[in-house]
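In: sharing a model prediction with you, sequence too.
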Amino acid sequence: MVLMRNQALALLLCALALEASAGEFICCHDKQSGRRVCGDTLPAQCRGQAYKVFDSGGNMLREVGPPLSPEQKAAAAEEARRKREQELLEREQRRKDQALLDTYARADDIDMSQRKAENDVLILIRDYQGKLADAQQRQQKLKNEAEFYLNKSKPADLDADLRNVAHEIRTQAELIENKQKELLSIRAKYDADRSRYFEITGRRPASRSR
């Protein structure tokens, strides 16, 4: 009975305080006394626990939860970081999608651009292949010439020519390999562009031949 009177008195004091001022009041449940305590600033009893903020009419404006534990703070910080990263990824994807639409007005534009990019690389590959074949022919001639000196000391310039032509063969072979890899990258890029274009425009791809 005494406890009920104390609670009623606490509520009355809070109500009188609210009526006496037009400001906001903070109230919480005092675990030690079992009463609700209020104040125009955060009461000492409310520190470290949840509390509510009321206006002068007794209407709750907001509710503040208890302070987070270190683990909860770390989890909240990680979640905030994840959301920021996701927002950045989505923003970057929107930028890429807009750039894609600005670049290609139609799906046919993607095909035309791909053919040009591939043809530019194929021209270089054919050029390197021609140089490689020439170098291999020169190497064979030099090897035939070197057989004449099988049991004799070869001229110094012949050894130098053999080394030079071997280096040229390796160089042309590496250039061809690099361009073939570039060709695969080009095809992968335009396949991805084409797939994304149909995805964001909702259009259906037409059958095509390379």
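Out: Received it, and whenever you're ready, just let me know what you need.
In: show me the shaky parts of the protein.
Out: 1-22, 206-210 (pLDDT under 70).
In: quick one, strands of it?
Out: Ranges of strands in the chain, per DSSP state E, are 25-29, 36-39, 51-54, 60-64.
In: let me have the ones you listed in JSON lines, extended by distance to Gln140 and mean neighbour count.
Out: In short, each C-beta sits where N, CA and C put it, glycine included. Shown next, in JSON lines, are the strands of the chain (distance: least, Cβ to Cβ, whole Å; neighbours: other Cβ atoms under 10 Å):
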{"stretch": "strand 25-29", "distance to Gln140": "95", "mean neighbour count": "19"}
{"stretch": "strand 36-39", "distance to Gln140": "99", "mean neighbour count": "18"}
{"stretch": "strand 51-54", "distance to Gln140": "92", "mean neighbour count": "17"}
{"stretch": "strand 60-64", "distance to Gln140": "87", "mean neighbour count": "10"}
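In: for those strands, give me TSV that also has distance to Glu118.
Out: Shown next, in TSV, are the strands of the chain (distance: least, Cβ to Cβ, whole Å):
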stretch	distance to Glu118
strand 25-29	70
strand 36-39	76
strand 51-54	67
strand 60-64	62
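In: closest to Leu132 out of those?
Out: Between Leu132 and those, the shortest gap by Cβ to Cβ is with strand 60-64, which sits at 75.4 Å.
In: ok so, going back, so which of the strands of the chain comes closest to Asp109?
Out: Here strand 60-64 is closest among the strands of the chain (Cβ to Cβ), at 54.2 Å.
In: starting from that closest one, tell me which strands it pairs with and how they run.
Out: strand 51-54 (antiparallel) (DSSP bridges).
In: ok, His29 touching Arg36?
Out: Yes - His29 lies in contact with Arg36 (Cβ atoms under 8 Å); the separation is 5.7 Å.
In: give me the common contacts of the two.
Out: Residues touching both His29 and Arg36 (Cβ atoms under 8 Å, 6 or more residues apart in numbering): none.
In: tell me the helices and strands packed up against the top helix by length along the chain.
Out: Longest helix in the chain by number of residues, with DSSP state H as the criterion: helix 156-201. On a contact count with 3 or more Cβ pairs under 8 Å, 6 or more residues apart in numbering; DSSP states H and E, helix 156-201 meets helix 70-103, helix 107-148.
In: can you list the buried residues in the first one?
Out: Of the residues in helix 70-103, those buried under the neighbour-count criterion (16 or more other Cβ atoms under 10 Å) are Leu100.
In: where does the most centrally placed residue in the chain sit relative to Arg82, distance-wise?
Out: Nearest to the geometric centre of the chain sits Leu89, at 4.7 Å (Cα atoms, centre = their mean). From Leu89 across to Arg82, the span is 11 Å (Cβ to Cβ, to the nearest Å).
In: cool, and Asn164?
Out: Separation of Asn164 from Arg82 (Cβ to Cβ) stands at 58 Å.
In: one step back: dump the helices and strands packed on helix 156-201 into TSV; add distance to Leu158 as well.
Out: Below are those laid out as TSV (distance: least, Cβ to Cβ, whole Å):
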stretch	distance to Leu158
helix 70-103	55
helix 107-148	6
